[in-house]
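Enquirer: Okay, predicted coordinates and the sequence, questions at the end:
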Amino acid sequence: MLANTSSMSSTLTDIATTSQKKYSKSVGAIPLTATLVNMLLSTSPFSLPYALINGGLILGLLIFFLSTFLALNSADMMIESLGIGCALQRSDTDECEFPESKLDKKINRSPYFIKKKLELFGLSSIVVNKIFGMVTITFLCAFLIGSMLVKCVSSSNSLSKAWMFSMYGDMDYEPSNWIMSPYHFSILIFALITSVFALGNIEGSKILQVSISALRFLMIYWMILCSIYAIAKYGAADITKLKFFDFSKIDYLMSNLIFTTFMHHSVPGICYPLRPQTRLKATFIGSYVLHAIVLLVHCILAVIAFGERKNKCNVFPCEIGIMFNLNFLSLPIVGPAVQFFPALAIAVLPVLAITFRGNVLQLFGKSTTAVNLTLNLDLYESSSTNAMDISSDNTSVFNISI
């Protein structure tokens, strides 16, 4: 009886592993960069100008540079920790989940080569202990749920207002012939699209990530051009009259800036499909530098163009509000278009949901295999995620693999 059960379990695991190899696809540097940029520029372009105006320009920039540096440095440490977790859980019999490039084949004998996905719960349990892993997943899940709710609510609210303004010329219009309110309809759309992509892995959403990142840069480019237009036509703000330091608003300033640069919860899922892995560190550095340059240009121009305005946003130019995209509402074509910017969080929500699901499933161990077989798709990380393994030998580690 026990022998039959063991044989059946082995067979099911083999089927799940075969299914996973069939559907898993590696990603290159461009989709990975798109995913990182979507996370880093998710809410900051429309929330950060207001934070800088109220918290002080100099104080805001100092915290921005510090948080960006610390975020990049800690992400680099996390990648090294993933390599250590692989080495501690390695098995010489495990095969690589993704096709290996020529560069990867030269280093895949290193025990630190990232072959399998190891979520933060599994990583902290291996490197420290399981109690620490439980504490980690408790705080992590609370953060992920809160983050998903914030992004879903703010994005749905923005999307509904953009629709109403585009269709009826009034952001707060409530159609009487709709089955539900525009806001709740927007939430339903977000939930459906997020659910479809959240059933997969991060690497399965690379088309979504690249498409949304292109739209994101286009809208930021439009906002930058509109800020330049406002400066050229209506004049720049008197910089000397702006706030430089306001510690009474530092809580709002820090929460915005830290939330902007924090995406470490999803580093394992973002990192492990990349091929070749030799580009991993350069991709992270490039993404953070790109994010910093774009955000700095966007926010500084916003402060110069709208920093002293006091009128409401029914007339252009206007004061900087909590949602900066509303500053362009009265402009033709561009104005209604950029109102959809917060809705681009549709690319981030699946990443958060996949990270949440992966950690919870890894907490319950072999139950992931059962889910794989039930759906008959490689949508979950399966029980093999408990072993983010690598082949043997060579220990020339992080300077190669990250």
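Expert: Arrived safely.
Enquirer: buried stuff in the lengthiest helix in the chain?
Expert: Identified as the longest helix of the chain according to DSSP state H is helix 130-168. Within helix 130-168, the residues that count as buried by 16 or more other CB atoms under 10 Å are 133, 136-137, 140-141, 144, 147-148, 151-152, 154-165. For the C-beta atoms, the positions are set from N, CA and C on the backbone; glycine is no exception.
Enquirer: Repeat that for stretch 288-298.
Expert: Buried residues in stretch 288-298, counting neighbours by 16+ other CB under 10 Å, are found at 288, 290-292, 294-295, 298.
Enquirer: gap between it and the chain center?
Expert: How far stretch 288-298 lies from its chain's middle: 16 Å, per CA atoms, centre = their mean, to the nearest Å.
Enquirer: what sits up against that stretch?
Expert: 33, 36-37, 40-41, 44-45, 48-49, 61, 64-65, 68, 71-72, 217, 220, 223-224, 227, 260-261 (CB atoms under 8 Å, 6 or more residues apart in numbering).
Enquirer: For ChimeraX, what selects the buried ones among these?
Expert: Entered in ChimeraX, the line below selects the buried ones among the contacts of stretch 288-298, by 16+ other CB under 10 Å:
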select :33,36,37,40,41,44,45,48,49,61,64,68,71,72,220,223,224,227,260,261
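Enquirer: from the contacts of stretch 288-298, which ones fall inside helices?
Expert: Within these, residues falling in helices by DSSP H are 33, 36-37, 40, 44-45, 48-49, 61, 64-65, 68, 71-72, 217, 220, 223-224, 227, 260-261.
Enquirer: Give me the below-cutoff pLDDT ranges for the chain.
Expert: The model of the chain has pLDDT under 70 over residues 1-26, 90-111, 366-402.
Enquirer: Can you name the residues that contact residue 155?
Expert: Going by CB under 8 Å, 6+ apart, residue 155 touches 186, 190, 342-346.
Enquirer: out of the buried residues of stretch 288-298, which are inside strands?
Expert: Within those, no residue falls in strands by DSSP state E.
Enquirer: just checking, which of those residues belong to helices?
Expert: Counting by DSSP H, the part of the buried residues of stretch 288-298 found in helices is 288, 290-292, 294-295, 298.
Enquirer: could you dump those to a markdown table with distance to residue 273?
Expert: Shown next, in a markdown table, are these (distance: CB to CB, whole Å):
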| residue | distance to residue 273 |
| --- | --- |
| 288 | 19 |
| 290 | 20 |
| 291 | 21 |
| 292 | 25 |
| 294 | 25 |
| 295 | 26 |
| 298 | 30 |
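Enquirer: Can you tell me which of these is nearest residue 79?
Expert: Ranked by distance to residue 79 (CB to CB), those are led by residue 288 at 13.1 Å.
Enquirer: How far does stretch 331-349 sit from its chain's centre?
Expert: Centre to centre, stretch against its chain (CA atoms, centre = their mean), the figure for stretch 331-349 is 17 Å.
Enquirer: Show me what counts as buried in that stretch.
Expert: Buried residues in stretch 331-349 (16+ other CB under 10 Å): 331, 335-349.
Enquirer: again, but for stretch 73-91
Expert: 75-76, 78-87, 89-90.
Enquirer: And these, which is closest to residue 240?
Expert: residue 75 (37.6 Å).
Enquirer: measure that closest one to residue 270 for me?
Expert: Per CB to CB, to the nearest Å, residue 75 is found 10 Å from residue 270.
Enquirer: One more: residue 326?
Expert: Taking CB to CB, one finds residue 326 at 31 Å from residue 270.
Enquirer: before we move on, back to that, find residues that contact each of residue 75 and residue 270.
Expert: Residues touching both residue 75 and residue 270 (CB under 8 Å, 6+ apart): residue 263.
Enquirer: Give me the buried positions along the helix or strand residue 207 falls within.
Expert: Assessed by DSSP states H and E, residue 207 sits inside helix 206-234. Neighbour counts over helix 206-234 (16+ other CB under 10 Å) mark 206, 208-210, 212-213, 215-216, 219-220, 222-224, 226-227, 229-231 as buried.
Enquirer: From the contact counts, what lies against that helix?
Expert: Contacts defined by 3 or more CB pairs under 8 Å, 6 or more residues apart in numbering; DSSP states H and E place helix 206-234 against helix 29-40, helix 44-55, helix 280-306, helix 334-338.
Enquirer: Which other helices and strands does whatever helix or strand comes next after the last one contact?
Expert: Put plainly, it is helix 334-338. Tracing the chain past helix 334-338, the next element assigned as helix or strand by DSSP H and E is helix 349-363. Packing partners of helix 349-363 (3+ CB pairs under 8 Å, 6+ apart): helix 29-40, helix 120-127, helix 130-168, helix 182-198, helix 267-271, helix 367-375.
Enquirer: Go through these and name the closest to residue 282.
Expert: Residue 282 lies closest, by CB to CB, to one member of those: helix 29-40, at 7.7 Å.
Enquirer: List the contacts of the closest one.
Expert: With contacts defined as CB under 8 Å, 6+ apart, helix 29-40 is touched by 202-203, 205-206, 209-210, 212-213, 216, 260-261, 263, 266, 270, 273-274, 279, 282-284, 286-288, 290-291, 344, 347-348, 351.
Enquirer: Would you mind getting the angle between that helix and helix 206-234?
Expert: Here helix 29-40 points in a direction 60 degrees away from that of helix 206-234 (axes from the mean of the first three to the mean of the last three CA atoms, to 10 degrees).
Enquirer: Convert helix 29-40 to CSV, retaining C-alpha atoms only.
Expert: C-alpha atoms of helix 29-40 as CSV (Å, rounded to 0.1, in the frame of the first residue of the first chain):
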residue,chain,number,x,y,z
ALA,A,29,16.7,41.3,-20.7
ILE,A,30,14.0,43.4,-22.4
PRO,A,31,11.0,41.7,-20.9
LEU,A,32,12.7,41.7,-17.5
THR,A,33,13.5,45.4,-17.8
ALA,A,34,9.9,46.1,-18.8
THR,A,35,8.6,44.2,-15.7
LEU,A,36,11.0,46.1,-13.4
VAL,A,37,10.1,49.5,-15.0
ASN,A,38,6.4,48.8,-14.7
MET,A,39,6.8,48.1,-11.0
LEU,A,40,9.2,51.1,-10.3
